[in-house]
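> generate a structure from the sequence data that follows.
(chains A and B)
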Amino acid sequence: MSFRKKLLLLFASTVLICVVVISASVYSSIRGSFEQADRERAYAVAAQFRAEFERRAAEVERKVESVAASETVQHIALEMNRDGTGSGEYVGAALSLAAQQQLDFLELVDDRGTILSSAQWQAKFGYPESAVSASAGSDISAPPEAFLKHEELPDGPSLGLFAVRATRVAEKPLYVIGGQRLDQRFLSTLDIPTGTRVLLYQNLDTKWNPRTLLDLNGPAAGVDQIAPLVEKVRDTHREFQAVIHWTSDPADAEVFHAIPLIAALSAATSADDAKQPLMAVLLVGSSRRPLIELQRQIVSTALLVGGVGILAAVVASLWFAARVTRPVVSLADAARRVAAGDLGAKVDVESGDELGELAASFNRMTEDLVQQKERTLQAERVAAWRELARRLAHELKNPLFPLQVTVENLMRARQKSPEIFDEVFAEGTATLLAEINHLKTIVGRFSEFSKMPQPQPRPTQLNDVVGSVARVFHGQLANRPEDKKISLHTELADALPEISADSDLLHRALENLVLNAIDAMPEGGELTIRTGRIADCVELSVSDTGSGLTEDECGRLFTPYYTTKQYGTGLGLAIVQSIVSDHGGKISVESVKEKGTTFRIQLPCDFRAYSASLR
Amino acid sequence: MTATPASAATRPHYGGTLRVMMQSSPATLELPENAAPGDYWDIARTLSLVGDTLVTLDAQAKPHPALAVAWQSDPITRQCQFTLRRGVKFHDGSAASPAAIEQILAAIHPGWNVRASADSVIIECNKEDGKDSEKSMSSLLAELALPRNLLLKRDKNDSGKPIGTGPFLVAEWQPGKLLRLAANEESWAGRPFLDAIAIEFGKSLRDQAVALELDKADVIETAPQTATGAGSDRRAETFASLPIELLALVFPQSSKAQDPRLREALALAIDRKPIQSVLLKGAGELAASILPNWMTGYAALFPKQPDPQRARSLLADSRQPPLNPGSTLDLSAALNLSYDPRDPQAQLIAERIALNAREVGITLRVSLAGAEDIRLVRIALPSSDPETSIAQAARQLGLPQPAPGADSIDALYRAERSLLATNTVIPLFHLPVADTAGPRVREWNVNAGEWNEAGLPLADFWLADRRPDQGRSELPSNNAGPEAGSR
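Numbering: from 1, shown residues only, chains lettered A, B, ... in the order given. Next up, the predicted model:
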C-alpha cells in the first residue's frame, strides 16, 4: 500500500472515529437526559396524581361531612335512635343524597355496621359494611381519613376513594360512608404531559385481570405485555420501572413507572405499605418515540456528517497527501532511476523541512555516485588497458623471443658458419613464419572480439544447434588416441520449443564451450551436452569430467583476457558471455575440483519480447 | 260492599265527574290476553263499569247474583240454567234477553253449548271432565264471574265500542288516552250518583300522585307498599285489596339455567323478608306458593325461609360453576334476570335477588337487554276461586295446566306442589292492588282487604263538591231512594 493510501486511510479513519465517538457521546448524553426527563415526568405525574388524590380525598371527606350534617341524615339518625329503621323507609335516601353531593358511592350504616341505604347498590340494605366494623362487639371503628376501598357493585367490584363520618344525635351513631369512583374519569382530571399516558390497574382480582386496567377511555385494550410489571408491584408493593415493547418497532415502546396504591393514604413507612392491601397500581407511561426518533436522527446525522466528513477527509487528505508525498514520490522516482542506472537523476525539492534535506542529501549522493562511477570507470579502463597491454606484451613477447633468437642464429650462422647457413636459414625462416602466423592468430582473435556482431534473431531449435555442433566435434574427438579418448554425449529434451535467437552465434558460443571442455580434459573424459526447459526459458548445459576449477577461477572466468590455459587468449568465455547476454540470457558455472565443470546457459524463449522490453 | 247510612252531613250527591287516572294505555277496550296485571285490572275495572257478568264472587268464592238472579244445575243432564234479571236493557236500548246473552256467551266461549230458554240461558257442562255436577256448577260460576265473561256487545259502527248493561255507558273513547263514561240512567242497579267518569290512561304512578296532590285527579293507582306506608296524605285514602297478584321468578324455556339444582339453589338463596319489609314496605305476603294463603289456607306448608348453606351445596353439585370470591364478575357467563320496567319496584327487587344469589355463588345480571334467563313477573290471580286462579296462573307462568279434579284443598295442594317441583317458577310475594282516592270522593268505605275482582267500585262513588259545570242538583235526603248505595 502506498504512502499516500496509508495517509488517506489514516485521515478517513480519524474522521470516522471522531464522528462515531462524538455521536455516541451525544446519543449517550441525550439518552441520559431523556431517561432523566422520563423519570421526572413520571414522578411529576405521580406527584400530580397524589396531589389530585389528596384533593379528591379532602373533597370526599368534605362531601361526606356535608351529608352527615344534612337534615335528612340527622332525621334518619333520630328515627334510628327512636325506633330503628327496619321498615326500609330510607332505602332510597342515600341515592338522593349522593346525587346532591355528586358522590358515586354513599351508604348509610347503622350502629351495628348494617347498611340502611346504599346509593351504589340500593338492594344492599341489611348487609354489613366492611368499611366500618364492630370491634369487641360493641364499638365501631372507622378510618378517620379518606381511604381506598374495593366496592362491590352489581356489575362487579370497583375501586373508590372513600371517607366515613358519623352522625350522633343520640346514643346510636349513624355512619355515612361516601366516596368517588377511581376510574377513567379520575384519570381524565390529571394534567398529563404530551407523550405520557396514565393507566390505572384496579387490583380487584387475586390474579392479573386485563379488564381492570383502565386508561382515559375505559378498559385499556391490548396491554397484556404490562402484566409482568403489575405482577411485580402486586408481589412487592414497591415501585418499579420497565420498558414495554408493544410492537417490533422500538419507537412504539413506552417506559412505564408502576406506583402501588395502598388502602390507607397516610401509610407512613414502606413497612406500613407492605402490610396494607394493594388497592391499585398507577402506571405512568412515557413514549420512547421522541427518544428513538432523536436517536435515529442522531444516527442519520452522524452518518451524513461522517460520510461528508470522510469525503472531505478523502479530498483533503488527497490534496494534503499529494502535497506531503510529492517530494517522497520524487525521491522514490529518482531512486528508481538511480537503481536503473541513471545516476544523473535529480530530486527537485525546494522545501526546507526534513524532506528537503533528504532530497538534497539524495542529490549529493547521486552526484557522489556519478563521480565515484566515473572514477571507477576510469580505473577500470586503465586497468583494462593495463591488462590489455600486459596480455599484448605477454602474447607478443612469446613469439618475439623465437623471432629474435632465429634472426640472431641466422646472423651468427652467416658470420661464423656460412656452410650451415642455408640449413639454418631454412629452419630459421620456417620458425619465423610459424611465429608470424602465431602473431597473426593473436591479432585475429583480438580483431574478432572487437567485431562481435549483433544477434539476428529468428526461430531456432536449440536441439538443432546442439546436433550441428556435436556433428562437428564427433569426427575430431574420434581421432584422439585411445588413452586420451573423450566421449561426447547429448541429452536433448523432447518437444523443446523454438526460441527466437541467432543460431550462428549460439553455434559459436557452444563451440567455445565444447572446446573449453575438451581443453579441460587433456587426458580424456566425458563431455555431455544437455538441453531442457525451465519456465519461460530453455537451458543448455555443457559438462566435462576434467580437473575442475577453483572458486576464485570460477569468479574470474568470464573476465576478458583471463585464461587458465597456457596459450589461451582469455577471450573464449568472454565471447560466450557476450553472446548469451546479447540474447537476454544468463550463463553460470558450477565446478567441483577434480570432478568436472558444468556451464549452464538459460535463454528466454521469446528473445524479441525481451528485446522489446529492453527498449 | 255495603254503603254506610247517609247522614245529613254525608248525604250522597248526584252529579259530578269522577277523574280517574291509570297507568295502562289500552288501544282497545277489550280484555287483553296474557296482559300484565296492571293492564288486566285497569281494563277489567273499566269494562266492569260498562257491563255485567251473570254472577259475581265474594272473597270466599261465594257466588252472588248479577245479571242472573238464580241458577241451578241438573245432575242428570249436566246442564246449568241461569235465570236472567228481568227488564234489563243494553245501553243501545235493546233488551238483555236470553237470546242476546246466549249469543254473547257463545262468542266468548265457542266450545260451550249455550241455549236460551224462556227467561234463562242454559249452559251444558262438559261431560268428560269427571266432576260431579256440584263441582261443575262451582267452577262454572267462578268462570262466569271472571271479567272476561262480562256480557258486552260491540258497536260495529263505532269501532267496536262496548255496549253493556252496566251503570255507565261509553260517551267518548280516545284509544290509549281517555275514556269518558256517562251515567246510565236506566241501569238495572239504579242510576249512579256520578254523572260521568273520566279515565285518563297512560299516566305513571308519579304523575298520578302529582295529579292527586294538585287536585287534578280523584282516584289514582298506588303501589301496594304505599297503601300500608306511614306518612300518607291525610286528605287522601288508600285502599289495598287482598293479595291478588303473584310476584315470582320464571325460568323461560330458553333459559341457560336448565339444571334444576341451580334453580333450587336460587330459590333457597332468596331472603324474601328484607325485600318485603324494606322494598315493599311490609305490603303483601311472603310467598313460596302460587296461590295466596287467604285463598287456600295451606301456603304455610311451602317454606319461604332462605337456606344459603344448602343453596351453596346444591350449586356445588350443579353444572353451574360457582362464583369465585374476590374475582371480578364474568358477566358473559351470568344469568340474565329481566323485569317489568313499568314496575317501579321491580328493578330494585331484581337487584336484591341478584345480591342474594351472589352470596351463594350464582351470578345474575339484572338487565333488560339480551336473552332473558330469568324473568321477574307479576301476574294477576283473577278469581277468588283457587281452582280458577291456579289454572289462570299456570297459563300465565307457562306451567302445565293442573290436572282436572284439583278442586279439593288436598288435590289443589298436590297440584300446586307438582307445578313447583322443578322450580321453573319461584314464587316470591303475593301483593295487593291499591288505589288512592282524593278528598272529594265519598262512599269510600271499602273494607280493606276485601276481595274485589275488578278494582274499586267506582260506580258507587259520589263527590262531595260538585263542579259548576256538573249540573245535577243534590238529592234531597228523603229522595235517596232504595237504589242509592245499594250496590
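> could you look up the SS state of the residue of the stretch 151-300 of chain B found nearest chain A?
Chain A sits closest to residue B:278 of the stretch 151-300 of chain B, with a gap of 2.6 Å, by CB to the nearest CB. Yep, even glycine has a C-beta here, placed from its N, CA and C like the rest. Assigned state for residue B:278: helix (three-state reduction, DSSP: H, G, I helix; E, B strand; the rest coil).
> burial count for it?
Using other CB atoms under 10 Å in any protein chain shown, residue B:278 is surrounded by 25 other residues.
> you'd agree it is up against residue A:126?
Yes - in this structure, residue B:278 is within contact of residue A:126 by CB atoms under 8 Å, at 7.0 Å.
> so residue B:337 sits in a strand?
Yes - the assignment for residue B:337 by three-state DSSP puts it in a strand.
> so who does it touch?
Residue B:337 makes contacts with B:249, B:350, B:353-354, B:364-367, B:372-376, as judged by CB atoms under 8 Å, 6 or more residues apart in numbering or on different chains.
> before we move on, back to that, now the residue of the stretch 151-300 of chain B closest to chain A: how far from residue A:191?
According to CB to CB, to the nearest Å, residue B:278 and residue A:191 sit 44 Å apart.
> what's the burial count for residue 436?
Chain wasn't specified; assuming chain A. The burial count for residue A:436: 12, using other CB under 10 Å.
> let me rephrase: I mean chain B.
Per other CB under 10 Å, the neighbour tally for residue B:436 reads 24.
> that one touches residue B:240, doesn't it?
No - with contact defined as CB under 8 Å, residue B:436 does not reach residue B:240; the gap is 9.9 Å.
> how about the strands in the stretch 201-350 of chain A?
A:213-215, A:218-219, A:240-244, A:254-262, A:278-287 (DSSP state E, counting those that start in this stretch).
> in CSV, list these along with mean pLDDT, mean neighbour count and distance to residue B:346.
Conversion of those to CSV gives the following (pLDDT from 0 to 100; neighbours: other CB atoms under 10 Å in any protein chain shown; distance: least, CB to CB, whole Å):
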stretch, mean pLDDT, mean neighbour count, distance to residue B:346
strand A:213-215, 87, 21, 32
strand A:218-219, 82, 12, 29
strand A:240-244, 86, 16, 47
strand A:254-262, 85, 22, 38
strand A:278-287, 85, 24, 35
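> the ones you listed: which one's closest to residue B:181?
For residue B:181, the closest of those is strand A:218-219, at 54.7 Å, according to CB to CB.
> where are the low-confidence patches of chain B?
Applying pLDDT under 70 to chain B flags the ranges B:1-10, B:125-135, B:158, B:225-235, B:319-332, B:404-407, B:444-456, B:466-487.
> what about whichever residue of the stretch 501-615 of chain A sits closest to chain B, how many residues close to it?
Closest residue of the stretch 501-615 of chain A to chain B, CB to the nearest CB: residue A:535 (91.8 Å). Counted with other CB under 10 Å, the neighbours of residue A:535 add up to 9.
> so how far is residue B:82 from it?
In this view, residue A:535 and residue B:82 are 147 Å apart by CB to CB.
> what's the closest non-adjacent residue to residue A:346?
Using CB to CB, 6 or more residues apart in numbering or on different chains and skipping the chain neighbours, the partner closest in space to residue A:346 is residue A:363 (5.5 Å).
> show me what from chain A comes close to chain B.
Where chain A comes near chain B, counting by CB under 8 Å from any CB of the partner chain, the residues are A:86-89, A:91, A:121-127, A:154-157, A:204-206, A:209, A:211-212.
> restricted to buried residues, select those in ChimeraX.
Of the residues of chain A next to chain B, the buried ones go into a single ChimeraX selection, burial set by 16 or more other CB atoms under 10 Å in any protein chain shown:
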select /A:87,88,89,91,121,122,123,124,125,126,127,154,156,157,204,205,209,211,212
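> tell me which of the residues of chain A next to chain B fall in strands.
Under the assignment DSSP state E, the residues of chain A next to chain B contribute A:156-157 to strands.
> quick one, domains of chain B?
Domain assignment for chain B by automatic domain parsing gives B:17-51+B:154-242+B:433-479, B:55-149, B:245-431.
> mind putting those into TSV with distance to residue A:288?
What follows is these, written out as TSV (distance: least, CB to CB, whole Å):
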stretch	distance to residue A:288
domain B:17-51+B:154-242+B:433-479	57
domain B:55-149	76
domain B:245-431	31
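> do you know which of the ones you listed lies nearest residue A:491?
Evaluated over the domains of chain B, closeness to residue A:491 peaks at domain B:245-431, with 106.4 Å, by CB to CB.
> so what's the gap between that closest one and the chain middle?
Chain-centre distance of domain B:245-431: 20 Å, with CA atoms, centre = their mean, to the nearest Å.
> for residue B:179, name its beta-bridge partners.
For residue B:179, the beta-bridge partners are residue B:173, residue B:199 (DSSP bridges).
> return the distance of the closest residue to chain B within the stretch 251-400 of chain A relative to residue A:144.
Residue nearest to chain B within the stretch 251-400 of chain A: residue A:277 (11.2 Å; CB to the nearest CB). Residue A:277 is 18 Å from residue A:144, where distance means CB to CB.
> same check, this time on residue A:444
With distances taken as CB to CB, residue A:444 is found 144 Å from residue A:144.
> ok, now residue B:349?
37 Å.
> the two - which one has more neighbours?
residue B:349 (25 against 11).
> tell me the SS of that one?
Here residue B:349 is recorded as helix under three-state DSSP.
> can you check the one 5 residues further on too?
State at residue B:354, reduced to three classes by three-state DSSP: helix.
> pairing partners for the nearest residue to it once chain neighbours are set aside in the sheet, please.
Nearest non-adjacent residue to residue B:354, counting by CB to CB, 6+ apart: residue B:364, 3.9 Å away. Residues in a beta bridge with residue B:364, per DSSP bridges, are residue B:335.
> right, and residue B:364 touches residue B:333 too?
No - applying CB under 8 Å, one finds residue B:364 not in contact with residue B:333, separated by 11.0 Å.
> please enumerate the helices of the chain.
No chain in the question, so chain A it is. Applying DSSP state H to chain A gives helices spanning A:3-68, A:71-83, A:93-101, A:184-188, A:227-236, A:270-275, A:289-339, A:354-416, A:421-450, A:462-478, A:503-520, A:551-556, A:572-582, A:607-614.
> try again with chain B
Per DSSP H, chain B carries helices over the ranges B:37-50, B:98-108, B:133-144, B:205-213, B:224-228, B:260-269, B:272-274, B:293-296, B:308-317, B:346-360, B:386-397, B:409-420.
> what angle separates the fourth one from helix B:37-50?
Spelled out, it's helix B:205-213. Relative orientation of helix B:205-213 versus helix B:37-50 (axes from the mean of the first three to the mean of the last three CA atoms, to 10 degrees): 40 degrees.
> return the residues in contact with residue 369.
Went with chain A since none was named. A:338, A:343.
> for residue A:346, see how far away it is.
Distance, residue A:369 to residue A:346, using CB to CB: 12 Å.
> which residues does the closest residue to residue A:116 other than its chain neighbours bridge with?
In space, and not counting its chain neighbours, residue A:116 is closest to residue A:108: 4.5 Å by CB to CB, 6+ apart. With beta bridges defined as DSSP bridges, residue A:108 has these partners: residue A:117, residue A:176.
> can you give me the neighbour number for residue A:29?
Residues lying near residue A:29 (other CB under 10 Å) number 10.
> likewise residue B:98?
Residue B:98 has 20 neighbouring residues, counting by other CB under 10 Å.
> do I have it right that it meets residue B:106?
No - under the criterion of CB under 8 Å, residue B:98 makes no contact with residue B:106, lying 12.0 Å away.
> could you export the strands of the stretch 201-350 of chain A as a markdown table, including distance to residue A:436?
Output for the strands of the stretch 201-350 of chain A, formatted as a markdown table (distance: least, CB to CB, whole Å):
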| stretch | distance to residue A:436 |
| --- | --- |
| strand A:213-215 | 132 |
| strand A:218-219 | 136 |
| strand A:240-244 | 116 |
| strand A:254-262 | 119 |
| strand A:278-287 | 120 |
